[in-house]
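> The following comprises the amino acid sequence and a computationally predicted model.
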Amino acid sequence: MAIERTLSIIKPDGVKKNVIGAIITKFEEAGLTPVAVRMTTLSQAEAGGFYAVHSARPFFGELVEFMTSGPVVLMVLEGESAITRNREIMGATDPAEAAEGTIRALFAESKGVNTVHGSDAPETAAAEIAYFFRGIDIFPKAGEAITANPS
Ligand code: IDP
Ligand code: MG
């Protein structure tokens, strides 16, 4: 067990549905603290670069189009086992398979339009945080030493 950081994105559908606050509350109630927050509209290059690992998938074009369709909220979440904990709170990729009470069960429309992104491993969390945030713009929770994936 360790204090970790992970990258969370509230996708354009979450912003449009006016559930930024509801989503952040879920994270805070689960012990995950936003330590960096930025709202932006991603360019095609930014979204394509972020999801480069999926560039050969048939849904890649649709994914980039969706992720650039409106503003998103980029966040670094910090807390105990933040990477796994965030994935649990998000729920499965396909909302039809997401556990009751998870963000995707509550708000997502489809496997593509699914409200939130969350890093899936320590290596991807470090790379994804560095893709969007400078270290100087991350504000560690007072008194907690970062023992995993510092950026
Ligand atoms: P994840 O977001 O739960 O980690 P990934 O498999 O890494 O899921 O896929 C990244 C994103 O690509 C998904 O969140 C979703 O927006 C989109 N995506 C994944 N599979 C499909 C699909 O079958 N159709 C359309 N979009 C998809
Ligand atoms: Mg993924």
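Cool, the structure landed. Ligands and ions are numbered 1, 2, ... in the order given.

> contacting residues around the residue nearest to residue 102 when sequence neighbours are not counted?
For residue 102, ignoring the flanking residues on the chain, the nearest one in space by CB to CB, 6 or more residues apart in numbering is residue 91 at 2.8 Å. No exception for glycine: its C-beta is placed from N, CA and C like everyone else's. Applying CB atoms under 8 Å, 6 or more residues apart in numbering, we find residue 91 in contact with 97, 98, 99, 102, 103, 104, 105, 108.

> 10 Å instead?
97-108, 114-116 (CB atoms under 10 Å, 6 or more residues apart in numbering).

> Ok, residue 117 next?
7-11, 14, 50-51, 67, 72, 74-75, 86, 90, 128.

> if we can go back for a sec, nearest to ligand 1, out of the contacts of residue 91: which one, please.
residue 114 (5.0 Å; CB to the nearest ligand atom).

> Secondary structure of the closest one: a strand, I assume?
No: going by DSSP: H, G, I helix; E, B strand; the rest coil, the assignment for residue 114 is coil, not a strand.

> mind checking pLDDT for the closest residue to residue 94 other than its chain neighbours?
The spatial neighbour of residue 94 that comes closest, neighbours along the chain excluded (CB to CB, 6+ apart), is residue 111 at 4.3 Å. Residue 111 is assigned 98 on the pLDDT scale.

> tell me the phi and psi of the closest residue to residue 69 other than its chain neighbours?
Nearest residue to residue 69 in three dimensions, chain neighbours excluded: residue 12, at 4.8 Å (CB to CB, 6+ apart). Phi and psi for residue 12, reported as degrees, to the nearest 10, are phi -50, psi -30.
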